[in-house]
Each structure stands twice: as C-alpha cells, then as structure tokens.
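Asker: no sequence for this one, just the structure:
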Ligand code: GDP
Ligand code: MG
C-alpha cells in the first residue's frame, strides 16, 4: 500500500497547480491502494469521495503548495475515520469499572485481558479478571495463566458452582470485585469462529447482567474483508463502545482498522502488537494514519515546518526564491526558524519509515546552524546579498572573522547556492525542502 501511495504523492509533489484530472488520477490511485490493503469497498468509496471533494475545493487551489495540501487532506481524512483524537477508557464514578471483552474466537481477547490488566496496574489501578468464557475447555486455565503473569487475581467458576453459566460467573465476579475493592474488572467472554446467534445472545446477556462501562470489541487486524461484517454483527449484538485491534505486529496494513472504525463509528482504543503481555499500547489514530500512508515522517515534518514558518513569511520567501532574490540573510533567517522546529534530533523519534531522510537527519548537526550563523554574520550586507562578490580574499577575511576555516566558508556558500536553486524549484511547485537539510 504505502509504496504505491508514496509514488503517487511523489508524482503529485512535482506538480504545481492541480488540475481536476490530476486530482482524479490521484484519487484513483488512493482507491486502488486502499482496496489492496483490504479496506472494505464501501469505506473506500466514501473516503475517496470526501478526499476528491476537498481536493477540488478552494482550500487547495488557494494553497501555497496544492500537492502538499492534498497529502494533508488524505492524512486528515484518515485520522478522522480512525477516530480523531485518541480516546481514553471511561472509568465508573463508583468502582468497580467494568470492562467487557467481545469478539470472535482467536481474536486475542484472553491475551488482551492480561495485557490490559497489566497496563491498568501500571497506571495505578487494582484490576481483577473474570473468566466468563466457559465454552472452550482450556479458556479458564488460559486466563488464570495470563492473570498470574500480569500479577492480578482471576475470578473463575468453582467446580459445581456456575459451571456452564457464564452470565452468573460474570455477575458473581463483579460482586466479588466490589467486595474486595478492586477498582476495575475485565470480563473475558467466549468467541466462536464465525458469528452465530447463540454466541451473540450470550455476550448480550453478560452485558445486561454486568452493565459494563466499556465493551471492547477485539478484532484481528489481519481479518481483511470480513472485518466489516463481523464488526457490524457485534455492534448490533453487544453494542460495543470501543475497538481493540490485535495482531498489528503481523502483516496487517491497517485495512481492517479503517473499515471497522468507519462503519461502526466507534473509536479504536488500543492496539495489540504481539503475544507478550507488554505488546500493547493505546491506539493513536494519527500514527495509524501514518502507518497506512507510510508518510508519517514527511507529514510530521511538513506540519512542524508549517507551524515554524509563518505563512506570509513563507509566501514572501517563495516569491524571493522564484525571482532569484533570495539572499544569505534570508538563508540565515530560515536557519533560525529551523531551530524553532525544535530539536531536530528529537524529531527522529517521529519518523517511522523515514529511511533516507533519517540518515540525512542523523548526519545533521544542530551546531551547524550556530557555525553558519557565525559565518554569515561576518559578511558585509553586500556580500550577503550577492555571493558572487565572495572572492578569495573576502572569504579569508570572513573565515578569520568567524573563527572558521576558508573550507567552511566555501562549503556554506556552495550549500547556500544549491539550496537557493532547489528552493526555486519548490517555489515553482516541486519537492518540499527545508533549507540546509536537503529534500524532505
Ligand atoms: P481469544 O480466543 O479471543 O481469547 O484469543 P486469544 O487471546 O486466546 O489469542 C489467540 C491467539 O492469538 C493466541 O495464540 C495468542 O497468543 C495470539 N495473539 C493474541 N494477540 C496477539 C497479538 O497481538 N499478536 C500476535 N502475534 N498474536 C496474538
Ligand atoms: Mg479466549
């Protein structure tokens, strides 16, 4: 998915103004890429429709860089479908908070129960697990093992008492949690390989009996096109309040995530990323959007650049680039804005798939901005405006004045000239650049 989209967007970035044909071509590629990633057709249609509409609107035609704007729109729409903001668990005013898990067999519910318990414990809660899956012979034992690993107690049916009646077990468990003052309980339930009425009724009965604060629908991210049908069935059957995506460590490319979030309108709250109890994290829609686009690196940087560079300033600079009146003074100013973008090294952490970019950043030294500043400050106004004046003796004087070598001065001038040239391309609608850093 991502390779194709990246190619599409690269193609877009080399264009200045977008024609309706450009937009259609891009939207077609996005549609194909999403279908390849197993996003349900109805979701794809809906999504591309919205992207197309926005891409053809004023917001894009008036933008400084329309192509970049389209990338932004795709990202925003993806984040929107995935739930916008990250949603946190709702805790009951009067404990215990009851969290019920539902989903197909093998989705990862029991494993999740352990993960969630461990995580809640780390957050300062006192969780308890309830084994209300009495369908599979080993289900109770499995939850007990997981509970032990997480260091939390497990409420399980005693032989002869409640065996075969998951509703009673769940109810008794919650009562016990109340009595022993556990502030959260996680109710593990049974699943079937396919959706069936009996399973759904059982889940629904448990829901009625324990009145949960959260019902989390656990779904295997690799489920593909079946995601929509399964999610709808569970939404009707148990009315879940949030979604947990499991097995995101596999080959899943986010198709199921998009489909489920889109058709149910329920937020994805957690992601499971392995068999171990620590392979678990709150779900961040923006990161998933990035995973889907594999553009997170670029988008994050564009956003940061956008907030650091005041928009009018950017427009003025763009005009300067285009008309060749970009000077070393402007260059210096841009470098200082680059500093506003925060620690460049810190940004590395935000670059999941940056590859070439990451290497460039790895080599980027923030002290270089300081050195560059020293050199430019040692130049006269005339020299800053016209680098052609910089002959050998002037360069030597500047080197001495700034405490650098002539080689340093030469390197800076060369880099400035290259940057000015590249920026000129950008101003005409080419690949976005951050001065001094080469292409993003
Ligand atoms: P349940 O039937 O819904 O309770 O599912 P289980 O919790 O028993 O999990 C089914 C299988 O999937 C087990 O072998 C788990 O170890 C595995 N599993 C669960 N979550 C994940 C995950 O996030 N990643 C991977 N790779 N395996 C998982
Ligand atoms: Mg289970």
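Answerer: Cool, the structure landed. Just so it is clear, the structure is predicted and the values come from calculations on it, not from any experiment. Numbering: from 1, shown residues only. Ligands and ions are numbered 1, 2, ... in the order given.
Asker: Show me what whichever strand or helix holds residue 374 is packed up against.
Answerer: Using DSSP states H and E, residue 374 falls within helix 367-377. Helix 367-377 is packed against helix 328-340, helix 392-402, helix 406-427, with contacts defined by 3 or more Cβ pairs under 8 Å, 6 or more residues apart in numbering; DSSP states H and E. (Glycine included, C-beta is placed from N, CA and C.)
Asker: if you set the cut-off to 10 Å instead, what comes out?
Answerer: Applying 3 or more Cβ pairs under 10 Å, 6 or more residues apart in numbering; DSSP states H and E, one finds that helix 367-377 contacts helix 328-340, helix 381-385, helix 392-402, helix 406-427.
Asker: Next, the angle helix 367-377 makes with the longest one.
Answerer: Interaxial angle of helix 406-427 relative to helix 367-377 (axes from the mean of the first three to the mean of the last three Cα atoms, to 10 degrees): 100 degrees.
Asker: The helix holding residue 374: how far from the chain's middle?
Answerer: 35 Å (Cα atoms, centre = their mean, to the nearest Å).
Asker: hmm, back to that, just send the helices and strands packed on helix 367-377 back as JSON lines, with distance to ligand 1, mean neighbour count and mean pLDDT too.
Answerer: Output for the helices and strands packed on helix 367-377, formatted as JSON lines (distance: least, Cβ to the nearest ligand atom, whole Å; neighbours: other Cβ atoms under 10 Å; pLDDT from 0 to 100):
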{"stretch": "helix 328-340", "distance to ligand 1": "39", "mean neighbour count": "18", "mean pLDDT": "70"}
{"stretch": "helix 381-385", "distance to ligand 1": "57", "mean neighbour count": "15", "mean pLDDT": "89"}
{"stretch": "helix 392-402", "distance to ligand 1": "55", "mean neighbour count": "16", "mean pLDDT": "92"}
{"stretch": "helix 406-427", "distance to ligand 1": "42", "mean neighbour count": "17", "mean pLDDT": "80"}
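Asker: Any chance of CSV for these, columns distance to ligand 2?
Answerer: Shown next, in CSV, are the helices and strands packed on helix 367-377 (distance: least, Cβ to the ion, whole Å):
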stretch, distance to ligand 2
helix 328-340, 50
helix 381-385, 69
helix 392-402, 67
helix 406-427, 54
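Asker: In a markdown table, list these along with distance to residue 245.
Answerer: Shown next, in a markdown table, are these (distance: least, Cβ to Cβ, whole Å):
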| stretch | distance to residue 245 |
| --- | --- |
| helix 328-340 | 36 |
| helix 381-385 | 54 |
| helix 392-402 | 54 |
| helix 406-427 | 38 |
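Asker: doesn't residue 131 make contact with residue 206?
Answerer: No: Residue 206 lies out of contact with residue 131 (Cβ atoms under 10 Å); the separation is 11.9 Å.
Asker: Would you mind listing the residues touching both of those two?
Answerer: Shared contacts of residue 206 and residue 131 (Cβ atoms under 10 Å, 6 or more residues apart in numbering): 166, 169-170, 187, 189.
Asker: Beta-bridge partners for the closest residue to residue 166 other than its chain neighbours, please?
Answerer: Spatial nearest neighbour of residue 166, excluding adjacent residues (Cβ to Cβ, 6 or more residues apart in numbering): residue 132 at 4.3 Å. Counting by DSSP bridges, residue 132 is bridged to residue 189.
Asker: Now do the same for residue 132: its pLDDT.
Answerer: pLDDT for residue 132: 95.
Asker: Just to check, it is in contact with residue 164?
Answerer: No: contact status for residue 132 versus residue 164: not in contact, 11.5 Å apart, counting by Cβ under 10 Å.
Asker: and the closest residue to ligand 2 within the stretch 151-300 of the chain, how many neighbours does it have?
Answerer: Per Cβ to the ion, residue 188 is where the stretch 151-300 of the chain lies closest to ligand 2, at 5.9 Å. Using other Cβ atoms under 10 Å, residue 188 has 30 other residues around it.
Asker: Grab the nearest non-local neighbour of it.
Answerer: residue 113 (4.6 Å).
Asker: what's the average pLDDT for the one helix or strand the one you found maps to?
Answerer: Taking DSSP H and E as the definition, residue 113 sits inside helix 109-122. Mean pLDDT, computed over helix 109-122, is 96.
Asker: got the contact list for the residue in the chain that ligand 2 sits nearest to?
Answerer: The nearest approach of the chain to ligand 2 comes at residue 110, 3.3 Å away (Cβ to the ion). Residue 110 sits next to 101, 129, 131, 133, 136, 138-140, 142-143, 145-147, 188-189, 191, 218 when contact means Cβ under 10 Å, 6+ apart.
Asker: that older thread, report the contact partners of the residue of the stretch 151-300 of the chain closest to ligand 2.
Answerer: With Cβ under 10 Å, 6+ apart, residue 188 has these contacts: 100-102, 109-114, 129-133, 139-140, 142-143, 146-147, 154, 156, 166, 170, 173.
Asker: Now narrow those residues to whatever sits close to ligand 1.
Answerer: Counting by Cβ under 6 Å from any ligand atom, 109-111 from these sit close to ligand 1.
Asker: tally of neighbours for residue 124?
Answerer: When neighbours are defined as other Cβ under 10 Å, residue 124 has 7 of them.
Asker: Against residue 379, how distant is it?
Answerer: Distance, residue 124 to residue 379, by Cβ to Cβ, to the nearest Å: 58 Å.
Asker: What of residue 182?
Answerer: 70 Å.
Asker: Please apply the same query to residue 120.
Answerer: Remark: distance between residue 120 and residue 379 (Cβ to Cβ) = 60 Å.
Asker: Those two: which is more packed in?
Answerer: Higher neighbour count among residue 120 and residue 379: residue 379, with 25 against 21, using other Cβ under 10 Å.
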